[in-house]
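sharing a model prediction with you, sequence too.
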There are 2 protein chains.
Amino acid sequence: MANQPIDLREKLSRFSEHWSPKVIARLNDYEIKLAKLKGEFVWHTHEDTDELFLVLEGELTIQLRDGDVVLGPGQLFVVPRGVEHCPIADGEVHTVLIEPAGVVNTGTFGGDLTAPYDDSLA
Amino acid sequence: MANQPIDLREKLSRFSEHWSPKVIARLNDYEIKLAKLKGEFVWHTHEDTDELFLVLEGELTIQLRDGDVVLGPGQLFVVPRGVEHCPIADGEVHTVLIEPAGVVNTGTFGGDLTAPYDDSLA
């Protein structure tokens, strides 16, 4: 084990693409990911798991069918399992995502925005 | 469900005691906690789970038997299950902790620093 801290800013500096979460750490069978978001994603659902968003930079709106949640830096929200949601960001947003290993970003929707699994920064 | 963001600074403003993690959110069967740390904790182990520390403010040293990890704001470290560790903070540190529900702060050590379960801020 390398006893090194994981620096969020340093990890963020190593990629630029949007909607492509990068695994940076593991916690039991969960993954800690970083993502850069810009524009509107797709409405989708994770049937089997909650999903945590923690915003580091920018302003993220998580659209839900019963109202939007707006997150700024230092704010988090847990989308409950089975709840349809669609993130949207006017400007670029940097976010931490936490969810069980293997969760696909587009959930049950699939489609072109489905990101490949990427743990090259872990 | 109240579609409200969880603001880390606001939650931190609502307690002052050290070494007493507060649950602020749940993610499946995991808990997101905030803690304020100052001074030296006790050497302890969580036999059944990894434990994530994300520092928000201050400088935290996680002493491990094979070397220290020093974390500043925006840096995280996952202490692997079964690995003995002892956090120490010269100044006050604000940290996010993530681990499965029910993990006791002092692990297998117990003792006076064992904090009661507190989800009053969740």
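Thanks, I have the structure now. It should be emphasised that the depicted structure is a prediction, and the values quoted were computed from it without experimental measurement.

wait, residue A:6 sits on residue B:76?
Yes: Residue A:6 is within contact range of residue B:76, at 5.0 Å (criterion: C-beta atoms under 8 Å). Where you see a C-beta, it was placed from the backbone N, CA and C, and this is true even at glycine.

now do the shared contacts for these two.
The contact sets of residue A:6 and residue B:76 overlap at residue A:25 (C-beta atoms under 8 Å, 6 or more residues apart in numbering or on different chains).

any idea of the mean pLDDT in stretch A:64-78?
Throughout stretch A:64-78, pLDDT has a mean value of 97.

with just CA atoms, put it into CSV.
Taking only C-alpha atoms (Å, rounded to 0.1, in the frame of the first residue of the first chain), the coordinates of stretch A:64-78 have been written out as CSV:
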residue,chain,number,x,y,z
LEU,A,64,-35.8,15.4,-10.5
ARG,A,65,-39.4,14.8,-11.5
ASP,A,66,-40.6,16.5,-8.4
GLY,A,67,-38.2,19.4,-8.4
ASP,A,68,-34.7,20.5,-9.0
VAL,A,69,-31.8,20.4,-6.5
VAL,A,70,-29.1,23.1,-7.0
LEU,A,71,-25.7,22.3,-5.6
GLY,A,72,-22.7,24.7,-5.2
PRO,A,73,-19.3,24.0,-3.9
GLY,A,74,-19.3,22.1,-0.6
GLN,A,75,-22.8,20.8,-1.1
LEU,A,76,-23.9,17.3,-1.6
PHE,A,77,-27.1,15.4,-2.5
VAL,A,78,-27.9,11.7,-2.6
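
can you give me the offset of it from its chain's centre?
Stretch A:64-78 has its C-alpha centroid displaced from the chain centroid by 12 Å (C-alpha atoms, centre = their mean, to the nearest Å).

which is the next helix or strand following the helix or strand harbouring residue A:35?
Following DSSP states H and E, the helix or strand that holds residue A:35 is strand A:30-40. Using DSSP H and E, the helix or strand that follows strand A:30-40 in sequence is strand A:51-57.

what packs against the strand holding residue A:35?
Based on contacts counted as 3 or more C-beta pairs under 8 Å, 6 or more residues apart in numbering or on different chains; DSSP states H and E, the elements that strand A:30-40 packs against are helix A:8-12, strand A:22-27, strand A:85-100.

report the angle between the second one and strand B:30-40.
So that's strand A:22-27. Direction vectors for strand A:22-27 and strand B:30-40, defined by axes from the mean of the first three to the mean of the last three C-alpha atoms, to 10 degrees, enclose an angle of 70 degrees.

what's the distance between the residue most central in space within chain A and chain B?
With distances taken as C-alpha atoms, centre = their mean, the residue of chain A nearest its centroid is residue A:97 (3.8 Å). Going from residue A:97 to chain B by C-beta to the nearest C-beta, to the nearest Å gives 11 Å.

that residue - nearest residue in space that isn't next to it in sequence?
Distances taken as C-beta to C-beta, 6 or more residues apart in numbering or on different chains place residue A:33 nearest to residue A:97, at 4.3 Å, with adjacent residues excluded.

and that neighbour, what does it touch?
Residue A:33 is in contact with A:21, A:22, A:23, A:24, A:96, A:97, A:98, A:99, counting by C-beta under 8 Å, 6+ apart.
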